[in-house]
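1. With the sequence up front, the predicted model follows.
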Amino acid sequence: EDTLSEFILANNSDKTDSLWGGKILNEDDTIQSLGCKINRYFMTTNHNYENYNNNEKTFTIKKIDYIHGCCLFFNKKIIEKNGLFNEEYFLFFEDVDYSFKAKQNNIKLKISQKSKIVHKQNSSINKNKLHYLSIVNRIIFAKKYFKKRIVLVYVGIIYEFIKNIILFRYERN
């Protein structure tokens, strides 16, 4: 309720060009994300205040590397300045890429904590496909923005793969 109107209010009261994210909640009313960060060595991602209790207070957000794509708001001027989403990605890292490009174009990344949505995370794809797309898109992103660290990305992917095999985390189809 009021999510769109809160985004419009936040955007209209701010004089900077901005990409806006909202308070993304899990179905149990815990926080899924208040902006996101990326590890610039392994290109892994995490979310600010993930799994914190949503007690309706305003959280202090120190760093945002990207806005989670499930809840992203901006006006037409941002498209004119930043362009469209990169179609090289499918499902993952398109939001990271768009946010990084925005920062390069002097567009701010902000969170409107009064704009709230509930996001049923990873419900539209099976885990194996999720892991595959996440890895492929992480490599595409790293090659675009962090070419000198691509070896570390591959090392991180191999480490995750071995760890998941040891812990039996892959589904059988």
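-> Here it is on my side, so go on. Numbers count the residues shown, from 1 in each chain.

2. May I have the secondary structure class of the nearest residue to Tyr154 once chain neighbours are set aside?
-> Counting by Cβ to Cβ, 6 or more residues apart in numbering, Tyr154 lies nearest to Ile139, which is 7.8 Å off, once chain neighbours are set aside. In this view, the C-beta of every residue, glycine as well, is placed from N, C-alpha and C. Three-state assignment for Ile139 (DSSP: H, G, I helix; E, B strand; the rest coil): helix.

3. contacting residues for Ile139?
-> Ile150, Val153, Tyr154, Ile157 (Cβ atoms under 8 Å, 6 or more residues apart in numbering).

4. low pLDDT regions in the protein?
-> The chain contains residues with pLDDT under 70 at 122-124, 169-173.

5. Report the separation between the one residue sitting closest to the centre of it and Asn26.
-> What sits nearest the mean C-alpha location of the chain, by Cα atoms, centre = their mean, is His68, with 3.1 Å. Separation of His68 from Asn26 (Cβ to Cβ, to the nearest Å): 13 Å.

6. Please enumerate the helices of the protein.
-> 3-13, 76-82, 94-104, 127-145, 150-166 (DSSP state H).

7. looking at these, which is closest to Asn51?
-> Nearest of the helices of the chain to Asn51, taken as Cβ to Cβ: helix 127-145 at 18.9 Å.

8. Can you give me the buried ones in the closest one?
-> By 16 or more other Cβ atoms under 10 Å, the buried positions in helix 127-145 come out as His131, Leu133, Ser134, Ile135, Val136, Asn137, Arg138, Ile139, Ile140, Phe141, Ala142, Tyr145.
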